[in-house]
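Trainee: Give me coordinates for this.
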Amino acid sequence: MLVKWDPFKELERTLEWWSSQPFRRPFWDDRSEHMTTWTPAVNVYEDKENFYIEAQLPGMEMKDINISVTDHTLQLRGERKEEHAENRDGYHVREVQYGTFSRSFTLPSYVNPDEAKATYERGVLTITVPKQEKAKPKLIPVETK
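Mentor: The predicted model follows:
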């Protein structure tokens, strides 16, 4: 039986295969020890009143975290310092990354960055940016006749 070759189907299968492959180095590869940057995981969401950015920053102190806003762009920067640098030989797996990080988020036009607040609890930094009054939903009363 002959099957007509479809190059696009072949490309789709190849891309699916590549996207399913883990792009991690094996645990015995020591190149990760020389990394100077890392990227903390974040959650970005909103409710009726506020816009939120949550950053996972376990083990960090607030003095090592900087938050700034310029032209509706929120910049989150910091440095996670290595605590146990003197004993590297005993590690079997070392996945925790250290060094500096920088994340930028474009804030929506309907928020008020001048009233932004940040809290840090149990390794999670939560930045709360309130929405402007005109962006909040308004209930319209319906009159009956």
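Trainee: When you work out contacts or count neighbours from here on, use the C-alpha atoms and nothing else.
Mentor: Noted.
Trainee: Specify the beta-bridge partners of Leu76.
Mentor: Beta bridges link Leu76 to Ile67, Arg103, judged by DSSP bridges.
Trainee: So it sits against Thr70, correct?
Mentor: No. Leu76 lies out of contact with Thr70 (C-alpha atoms under 8 Å); the separation is 11.6 Å.
Trainee: Pick out whichever of these two has more residues nearby.
Mentor: Shown here are Leu76 and Thr70; by other C-alpha atoms under 10 Å, Leu76 has more neighbours (17 against 10).
Trainee: measure the more buried one to Gly99 for me?
Mentor: Separation of Leu76 from Gly99 (C-alpha to C-alpha, to the nearest Å): 14 Å.
Trainee: and if you look at Phe8?
Mentor: Taken as C-alpha to C-alpha, the span from Phe8 to Gly99 is 42 Å.
Trainee: for Ser68, same thing?
Mentor: To Gly99, Ser68 is 19 Å away according to C-alpha to C-alpha.
Trainee: partner residues bridging the most centrally placed residue in the chain?
Mentor: In the chain, the centroid-proximal residue (C-alpha atoms, centre = their mean) is Val42; its distance is 2.8 Å. Taking DSSP bridges as the rule, Val42 bridges to Ala55.
Trainee: so it sits right up against Gln56, yeah?
Mentor: Yes. Using C-alpha under 8 Å, Val42 is in contact with Gln56, at 6.2 Å.
Trainee: Let me have the lowest-mean-pLDDT helix or strand in the chain in CSV, keeping just the CA atoms, if that works.
Mentor: For the chain, using mean pLDDT, DSSP states H and E, the weakest element among its helices and strands is helix 7-20, scoring a mean of 78. Provided in CSV are the C-alpha atoms of helix 7-20 (Å, rounded to 0.1, in the frame of the first residue of the first chain):
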residue,chain,number,x,y,z
PRO,A,7,5.6,17.3,4.5
PHE,A,8,3.4,19.4,6.8
LYS,A,9,2.2,16.4,8.8
GLU,A,10,5.9,15.3,9.1
LEU,A,11,6.8,18.7,10.4
GLU,A,12,3.9,18.7,12.8
ARG,A,13,5.0,15.3,14.2
THR,A,14,8.6,16.5,14.5
LEU,A,15,7.6,19.7,16.4
GLU,A,16,5.3,17.7,18.7
TRP,A,17,8.3,15.4,19.5
TRP,A,18,10.6,18.3,20.2
SER,A,19,8.1,20.1,22.4
SER,A,20,7.7,16.9,24.5
